[in-house]
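In: no FASTA, just this:
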Ligand code: FES
């Protein structure tokens, strides 16, 4: 949970609004591309009662929680929370999808659950020296196989 983990290719979420949701070590996350083109990752956990707000992969303008309809934008900010305006002490500005560190290297998307992790650019510096000549940023995903394995 402290290393940078490769979770896919940038072209899988090529357009603004594209997203992919999955679990890593039991932790639900959603990776999105926002309207400005930035790739970001969030815990796929509604700030209300923890239900996942995204499933599978696709394209959307926002994420609506299926439980009580809380609505989040592509940057994880809470846009709306039905029936909460009269709730005592409720401050929508403090509610959002929790961000997870995210970055790309040569078209690969990485996440890191450790907010204090070294920057991805430093983590991959040695790979850049050894593998940069491959120019994997030019590659495009042709097929995808999913395996579930017990490993670290
Ligand atoms: S759990 Fe998401 S809106 Fe209630």
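Out: Yep, it's here. Just so it is clear, the model here is predicted, and its values are computed rather than measured.
In: What is the end-to-end distance of stretch 36-55?
Out: Taking Cα to Cα, to the nearest Å, the first and last residues of stretch 36-55 lie 22 Å apart.
In: buried ones in it?
Out: 39-48, 52-54 (16 or more other Cβ atoms under 10 Å). Every residue, glycine included, has its C-beta placed from N, CA and C.
In: For those, name the two members farthest from one another.
Out: 39 and 48 (25.5 Å; Cβ to Cβ).
In: before we move on, the earlier item: make TSV out of the buried residues of stretch 36-55 and add pLDDT and distance to residue 73.
Out: As requested, the buried residues of stretch 36-55 are exported to TSV (pLDDT from 0 to 100; distance: Cβ to Cβ, whole Å):
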residue	pLDDT	distance to residue 73
39	98	15
40	98	11
41	98	15
42	98	11
43	98	15
44	98	15
45	98	16
46	98	14
47	97	13
48	95	16
52	98	17
53	98	11
54	98	12
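In: out of these, which touch the ligand?
Out: 46, 48 (Cβ under 6 Å from any ligand atom).
In: among the buried residues of stretch 36-55, which are in strands?
Out: The members of these that map onto strands under DSSP state E are 39, 40, 41, 42, 43.
In: out of the residues you listed, who's nearest the ligand?
Out: residue 43 (12.7 Å; Cβ to the nearest ligand atom).
In: nearest spatial neighbour of that closest one, skipping sequence neighbours?
Out: Spatial nearest neighbour of residue 43, chain neighbours left out: residue 98 (4.2 Å); criterion: Cβ to Cβ, 6 or more residues apart in numbering.
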